[in-house]
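Asker: structure of the sequence below:
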Amino acid sequence: DPGGEPMGVGYYNPRTLIAVRWILRGGDELPERWLEERIEQAIERRRALYPSEDCARLIFGEADGLPGLVADHYGNSLSVQVLTAGMELLRPRVEETLRFLLNPEVLVRRDDSPMREMEGLPRAVQVVPEGARAEAPVDYLGLKLYVPLEEGQKTGLFLDQRENVKRFVSLLPPGAVVLDVFCYQGVWGMAALKAGAA
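Answerer: Next up, the predicted model:
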């Protein structure tokens, strides 16, 4: 800061619009296992919120102190998106930790966001192990779905909309006529149909 005191720890990329991504604020040193501990904490929070769900967003980037990292859990599969150059350098530790904690059969790297180009990173989608089936069968909001993890937007379903969908269908009067205009994979429309809408 202007007084010469450390403001915190972050990673820096001069090529992008947000040059510094904060990892730790203040003058403390970054603990050796900070990354692993934050991943563990994020997963514990989501398991507490959704203890019996087939799928959930486990890591919400900056909200979990993990800037540039998104991870969704779909049954025995993981869909992971790395959006920043700093997190790309940490990818081996991220994937090692996720494998240790969750033991997924399939890991899909959804690194196809345009944000990666702004960070100076290539765009790609990769399934590990190569040739594995990247379609996850899940029970989501009482719907049986097959989520195509290599295609579509972002990391699969819009799992961050779970509570909004629940609230929406709770407000529907019996026999309501619903038009799902921007249906993506149709979750809102199918949830409304299941709730009795036409």
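Asker: from here on, just use CA atoms for contacts and neighbour counts.
Answerer: OK.
Asker: got the contact list for stretch 135-155?
Answerer: Outside stretch 135-155, the residues within contact range by CA atoms under 8 Å, 6 or more residues apart in numbering are 53-55, 71-72, 74-77, 79-81, 108, 110, 112-113, 125-127, 134, 156-157, 162, 166, 190-191.
Asker: in this protein, spot the helix with the most residues.
Answerer: Counting by DSSP state H, the longest helix found in the chain is helix 34-49.
Asker: so what secondary structure elements neighbour whichever strand or helix holds S170?
Answerer: Assigned by DSSP states H and E, S170 falls within helix 162-171. When contacts are defined as 3 or more CA pairs under 8 Å, 6 or more residues apart in numbering; DSSP states H and E, helix 162-171 packs onto helix 187-194.
Asker: distance from the chain centre to the helix it packs on, please.
Answerer: With CA atoms, centre = their mean, to the nearest Å as the basis, helix 187-194 stands 23 Å off its chain's centre.
Asker: now do the buried residues in that helix.
Answerer: Residues of helix 187-194 classed as buried by neighbour count (16 or more other CA atoms under 10 Å): 187-193.
Asker: now for the residue of the chain most remote from its centre: which residues touch it?
Answerer: What lies farthest from the middle of the chain is G3; by CA atoms, centre = their mean that is 38.0 Å. By CA under 8 Å, 6+ apart, G3 lies in contact with nothing.
Asker: show me where this structure has helices.
Answerer: 34-49, 85-89, 91-102, 115-118, 162-171, 187-194.
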